[in-house]
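Engineer: Sequence and predicted structure, then a few things I'm wondering about:
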There are 2 protein chains.
Amino acid sequence: MDAAGIGALMESLGRAALAAAQALALAPGTQKDAALAAAAAAIRADTAAILSANERDLSAARSRGMSAPRLERLRLDERRVEAIAAGIDAIAVMPDPIGRVTAEWQRPNGLRIQRVTVPLGVIGIIYESRPNVTADAGALCLKSGNAAILRSGADSEHSSRALHECLVRGLAAAALPASCIQLVPTTDRAAVGYMLAGMSDYLDVIVPRGGRSLVERVQKEARVPVIGHLEGNCHVYIDRDADVRMARSIALNAKMRRTGICGAAETLLVDAGCAATHLAPIVRDLLEAGCEVRGDPQVQRVDPRVRPASEDDWYTEYLDAIIAARIVEGVDAAIAHIARYGSAHTESIVTENPATAERFLQRVDSAIVLHNASTQFADGGEFGMGAEIGISTDRFHARGPVGVEQLTSYKYVVRGMGQVRS
Amino acid sequence: MDAAGIGALMESLGRAALAAAQALALAPGTQKDAALAAAAAAIRADTAAILSANERDLSAARSRGMSAPRLERLRLDERRVEAIAAGIDAIAVMPDPIGRVTAEWQRPNGLRIQRVTVPLGVIGIIYESRPNVTADAGALCLKSGNAAILRSGADSEHSSRALHECLVRGLAAAALPASCIQLVPTTDRAAVGYMLAGMSDYLDVIVPRGGRSLVERVQKEARVPVIGHLEGNCHVYIDRDADVRMARSIALNAKMRRTGICGAAETLLVDAGCAATHLAPIVRDLLEAGCEVRGDPQVQRVDPRVRPASEDDWYTEYLDAIIAARIVEGVDAAIAHIARYGSAHTESIVTENPATAERFLQRVDSAIVLHNASTQFADGGEFGMGAEIGISTDRFHARGPVGVEQLTSYKYVVRGMGQVRS
């Protein structure tokens, strides 16, 4: 397709989305929930077709020589398809985020003011190889009354189409327009450029889901607001007053439960005040679990397998079984290290000292700060938000897990009795 | 100053603001309020010096041939200086918007999650000739724990400096860093370009305050999020069930109380069902108050002074004593007119019929929708928000009046007892 063809196609998707968004903004919660339930049922009924579409994507990816971890992200099986359907069901049973009165007051002149939630409008989602994003993002946008324009990566093209068809059947079952959730019908890269720079009349926000290069491109080129999520260079700080068993358990889980997610710990900070007792067992747990440890000189002395850490290591999001480790002089040094090297995503302190914990929770300026819990809880599902469209590392509009509540705007409704301004 | 000089200057402002923001984020409410009270006192004590600085700006503007309405916006007098000081006092007595727990829940695994407000960080404000913006924006940023970089227009250079000096004295009196509120010390236009495109490491958000060309330039060039406020093409709809006296009073006030503010009505829509009784008195009130009326054929028949309206009139924000007027067939036609021509700022319905009112309030997608009240209430002060930094016409982050609450972000604080993720 040539550039003019892509432009015309994207314009028509934009116009259809705008019309759908106007209908969807007024749809009652029960209608949206019926569409979600029907979409989940369609996904379950279509499992075989979805898996066969996924097999087409996988074999094309294999023949292109895709790496094993990326193949694993792309791969669906019956359990994963069921998890996708169950995720939509979970979104369906949540309360309607639209039409909620989030503030209400009366003025001395008698005006009654309410702040009421409304949808953002039309949301563009640009993603790479995880096919489940089609279903998660489509369902979250629908629940929050937003029309969605989904742009799947070429890798998951057939899987995304099969899942999208089920979403559209759900919409039809609830008598909602099919264009509430549209999938860009081409994986031509020019379509992404057009979404970023040419659709500001239609798109209210763009959400990139993918690697650093995608998110950076979107943040650089987008002419509409972006909910971005960049890296999670997450820290676990073991304070001098930490319980050693809890410290071992949290450090190991934060790093090794899953190493490829943004909430995985990347740097371990151990207070000099407990290094003699706490450092060695934590480092050995990690080494024995197959984690490479890169440490400062004191950490290197614990075990010959510890490699030296360089300055770059403190900045690095490994997303792998590697951790950087260093000794710090107390909680304030830990806070300073995080402020300097961190990405303001998620950090945890392990301590039995409540005053030290509160100091850390207040002074560390990250989207999520935890006390005595693993950083791997940085997840919309774990927060009880049903699902998430990502973890925002921005401070503007949405920060941390982005669920349906973060996909809303608001308006002010003012009721008077003839008041005029003097 | 050459481009390199401007760049170095703006970098140094950015670094100082970042350091100040870190201190300010932890400052208790009492300290911020003490700084605000001291700044208000300094403004009152310095009234003569402020007025003499303003006289310098006025005489330079007069010699450049500035128009009377712009001179009036630039002009300060004792009453206006007192109003500026009183505005800062009003901000000081408001509750601290930082550290508020806006949501709190517990997960089945025992994790306790709080969402807690934090400052946005560093806010850049770019404004034109109203000198009071220096004080209002500086005070709102301080109250909300944000460092501010203020870039005043050349017209109000000396007035802005005099007011800024008072803010800095207030900061010093409360032992807060002077760089919490910085005024760009040059009116070189290159400084604006640098703020928009070169300071994304320092600025978390930019707020333009001024005419359409400034706001559009900022929205086009800014590499950081913008809280923009574009035009207010506001509507008053007189429904068939409107009380005629209330309709006359609201239409006249909405248009003529002040014509130059964004909440002034620009188009009058009258239901065909009450045109016979309501249209003529409303139109004559407006004409007699000195307002030009541009109407459709039916409105033109009311009075020979009514001029014909063109298609362009329905799109126009006059900010002047001019109103467009048309007959519509009921509330749905009014809603459709507003959706087509409006700017989603502020609209009002006048009716005694509660069902019609609710239909309008729900279906009109504007930042502010009013029932039986004047559109001129579109104002942060009138909403009880103390003051405002503007009225956002965006849907993202902040919509409608932007007060201290809208200048915040949040973080999640999670307290556990050793939980790890399974």
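Structural biologist: Thanks, I have the structure now.

Engineer: I figured A:Glu388 was touching A:Glu382, is that so?
Structural biologist: No - with contact defined as C-beta atoms under 8 Å, A:Glu388 does not count as touching A:Glu382 (9.4 Å). For glycine as for every other residue, the C-beta is placed from the backbone atoms N, C-alpha and C.

Engineer: Show me how far the lengthiest helix in chain A is from its chain's centre.
Structural biologist: If you go by DSSP state H, chain A has its longest helix at helix A:3-25. The chain centroid and the centroid of helix A:3-25 are separated by 25 Å under C-alpha atoms, centre = their mean, to the nearest Å.

Engineer: Using PDB, write out every CA atom in the following helix or strand past it.
Structural biologist: Using DSSP states H and E, the helix or strand that follows helix A:3-25 in sequence is helix A:29-45. Output of helix A:29-45 as PDB, limited to C-alpha atoms (Å, rounded to 0.1, in the frame of the first residue of the first chain):
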ATOM      1  CA  GLY A  29     -22.200  -0.300  32.100                       C
ATOM      2  CA  THR A  30     -24.400  -3.400  31.600                       C
ATOM      3  CA  GLN A  31     -24.100  -3.100  27.800                       C
ATOM      4  CA  LYS A  32     -20.300  -2.800  27.900                       C
ATOM      5  CA  ASP A  33     -20.100  -5.700  30.300                       C
ATOM      6  CA  ALA A  34     -22.400  -7.800  28.000                       C
ATOM      7  CA  ALA A  35     -20.000  -7.200  25.100                       C
ATOM      8  CA  LEU A  36     -17.000  -8.200  27.300                       C
ATOM      9  CA  ALA A  37     -18.700 -11.400  28.500                       C
ATOM     10  CA  ALA A  38     -19.700 -12.300  24.900                       C
ATOM     11  CA  ALA A  39     -16.100 -11.600  23.700                       C
ATOM     12  CA  ALA A  40     -14.700 -13.900  26.400                       C
ATOM     13  CA  ALA A  41     -17.100 -16.600  25.400                       C
ATOM     14  CA  ALA A  42     -16.200 -16.200  21.700                       C
ATOM     15  CA  ILE A  43     -12.500 -16.600  22.600                       C
ATOM     16  CA  ARG A  44     -13.200 -19.800  24.500                       C
ATOM     17  CA  ALA A  45     -15.300 -21.100  21.600                       C
END
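
Engineer: Pull out the buried positions in helix A:29-45.
Structural biologist: A:29, A:32-44 (16 or more other C-beta atoms under 10 Å in any protein chain shown).

Engineer: Please apply the same query to stretch A:374-383.
Structural biologist: By neighbour count on 16+ other C-beta under 10 Å, the buried set for stretch A:374-383 is A:Ser374, A:Thr375, A:Gln376, A:Phe377, A:Ala378, A:Asp379, A:Gly380, A:Glu382, A:Phe383.

Engineer: My read is that the last one contacts A:Glu405, right?
Structural biologist: Okay, so that is A:Phe383. No - with contact defined as C-beta under 8 Å, A:Phe383 does not reach A:Glu405; the gap is 10.7 Å.

Engineer: Could you tell me which residues touch both of these two?
Structural biologist: Counting by C-beta atoms under 8 Å, 6 or more residues apart in numbering or on different chains, A:Phe383 and A:Glu405 have no contacts in common.

Engineer: re earlier: take the buried residues of helix A:29-45 and write them to a markdown table, including distance to A:Pro108.
Structural biologist: A markdown table is the format used below for the buried residues of helix A:29-45 (distance: C-beta to C-beta, whole Å):
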| residue | distance to A:Pro108 |
| --- | --- |
| A:Gly29 | 35 |
| A:Lys32 | 39 |
| A:Asp33 | 41 |
| A:Ala34 | 44 |
| A:Ala35 | 45 |
| A:Leu36 | 44 |
| A:Ala37 | 47 |
| A:Ala38 | 50 |
| A:Ala39 | 49 |
| A:Ala40 | 50 |
| A:Ala41 | 53 |
| A:Ala42 | 54 |
| A:Ile43 | 54 |
| A:Arg44 | 57 |
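
Engineer: could those residues go into JSON lines alongside distance to chain B and pLDDT?
Structural biologist: Output for those, formatted as JSON lines (distance: C-beta to the nearest C-beta, whole Å; pLDDT from 0 to 100):
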{"residue": "A:Gly29", "distance to chain B": "14", "pLDDT": "97"}
{"residue": "A:Lys32", "distance to chain B": "16", "pLDDT": "98"}
{"residue": "A:Asp33", "distance to chain B": "19", "pLDDT": "98"}
{"residue": "A:Ala34", "distance to chain B": "21", "pLDDT": "98"}
{"residue": "A:Ala35", "distance to chain B": "21", "pLDDT": "98"}
{"residue": "A:Leu36", "distance to chain B": "23", "pLDDT": "98"}
{"residue": "A:Ala37", "distance to chain B": "24", "pLDDT": "98"}
{"residue": "A:Ala38", "distance to chain B": "26", "pLDDT": "98"}
{"residue": "A:Ala39", "distance to chain B": "26", "pLDDT": "98"}
{"residue": "A:Ala40", "distance to chain B": "23", "pLDDT": "98"}
{"residue": "A:Ala41", "distance to chain B": "27", "pLDDT": "98"}
{"residue": "A:Ala42", "distance to chain B": "30", "pLDDT": "98"}
{"residue": "A:Ile43", "distance to chain B": "25", "pLDDT": "98"}
{"residue": "A:Arg44", "distance to chain B": "25", "pLDDT": "98"}
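
Engineer: quick one: contacts for A:Pro119?
Structural biologist: So A:Pro119 contacts A:Ala21, A:Leu24, A:Ala25, A:Ile98, A:Ser144, A:Gly145, A:Asn146, A:Leu407, A:Thr408, A:Ser409 (C-beta under 8 Å, 6+ apart).

Engineer: So which of those residues reach chain B?
Structural biologist: Within the set of the contacts of A:Pro119, contact with chain B (C-beta under 8 Å from any C-beta of the partner chain) is found for A:Ala25, A:Ser409.

Engineer: Identify the farthest-apart pair in the contacts of A:Pro119.
Structural biologist: Maximum pairwise distance in the contacts of A:Pro119, criterion C-beta to C-beta, is 13.8 Å, between A:Leu24 and A:Ser409.

Engineer: Could you check which of those two has the larger neighbour count?
Structural biologist: A:Leu24 (29 against 23; other C-beta atoms under 10 Å in any protein chain shown).

Engineer: Let me see the mean pLDDT of the lengthiest strand in chain A.
Structural biologist: In terms of residue count, the longest strand belonging to chain A (DSSP state E) is strand A:408-419. Strand A:408-419 shows a mean pLDDT of 98.

Engineer: Which other helices and strands does it contact?
Structural biologist: The contact analysis (3 or more C-beta pairs under 8 Å, 6 or more residues apart in numbering or on different chains; DSSP states H and E) places strand A:408-419 against strand A:112-119, helix B:244-256, helix B:354-363, strand B:368-373, strand B:400-401.

Engineer: what do you get if the cut-off is 10 Å, keeping everything else the same?
Structural biologist: Packing contacts for strand A:408-419, counted by 3 or more C-beta pairs under 10 Å, 6 or more residues apart in numbering or on different chains; DSSP states H and E, involve strand A:101-106, strand A:112-119, helix B:244-256, strand B:346-350, helix B:354-363, strand B:368-373, strand B:400-401.

Engineer: Give me the buried stretch members for that strand, please.
Structural biologist: Residues A:Thr408, A:Ser409, A:Tyr410, A:Lys411, A:Tyr412, A:Val413, A:Val414, A:Arg415, A:Gly416, A:Gln419 are the ones in strand A:408-419 that count as buried (16+ other C-beta under 10 Å).

Engineer: Looking at the contacts of A:Pro119, which one is closest to chain B?
Structural biologist: Nearest to chain B among the contacts of A:Pro119: A:Ser409, at 4.1 Å, using C-beta to the nearest C-beta.

Engineer: Right, I'll leave it there.
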